[in-house]
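Trainee: What follows is a predicted protein model with its sequence.
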Amino acid sequence: MADGALDYPDAVLEQLDVIVASVHQRFRLEAARMTARITRAMAHPCFKIWGHALGRLVLYRPPIDCDVEAILDVIAASRAAIEINGDPHRLDMAPPWVRSARQRGIRFVISTDAHSVAEYGNLRYGVAMARRGWVQRGEVLNALGAPAFARAVAPADHPR
């Protein structure tokens, strides 16, 4: 939401297996408002993955304007992870931000942002972006087995 609230009430969020929060509208808020918006969402106890974090679309839309360091600090204080997006139109997050997240002990999810089965092939681009940020296999939640992944992304009050 515009103020960083998640789309569903807590009673619904607590029943879901994983909560991915992403900016999907209002990309042009000024940096302080965008930072406050994102950090509010990241601080929610059910939140687990910051999806296509900076919202960029290569050659179409620049990354959102925000204080990434402040957002990484909030994520580091939680059990949340950051998506490294392998969609060739996104390729989000940039390697310097990935390295900064790693320094804080933040973990990652490598995804394809697939909207069709054919787009699963974009995983190799996500892996390449993760390698550019020096990410190790043990830092990637979706490299875990299914039970360990489910535990890692379960809402805070509902460990699996």
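Mentor: Great, that's in hand.

Trainee: so what's the residue nearest the centre of the chain bridging to?
Mentor: The residue lying closest to the centre of the chain (Cα atoms, centre = their mean) is W50, at 2.1 Å. According to DSSP bridges, the partner residues bridging W50 are A21, I82.

Trainee: wait, it sits on S78?
Mentor: No: using Cβ atoms under 8 Å as the test, W50 is too far from S78 to be in contact (10.1 Å). Placement of C-beta: from N, CA and C, glycine included.

Trainee: Mutual contacts of these two, please.
Mentor: Jointly contacting W50 and S78 under the rule Cβ atoms under 8 Å, 6 or more residues apart in numbering are M42.

Trainee: ok, and what's touching the top helix by length along the chain?
Mentor: Longest helix in the chain, counting residues (DSSP state H): helix 31-43. Around helix 31-43, the neighbours that count as contacts under Cβ under 8 Å, 6+ apart are 2-6, 21, 23, 26, 29, 47, 50, 64-67, 70-71, 74-75, 77-78, 80.

Trainee: how about a cut-off of 6 Å?
Mentor: By Cβ atoms under 6 Å, 6 or more residues apart in numbering, the residues outside helix 31-43 that reach it are 4, 21, 47, 64-67, 70-71, 74-75.

Trainee: Now do the strands in this structure.
Mentor: Using DSSP state E, the strands found in the chain span residues 20-21, 49-50, 81-85, 107-111.
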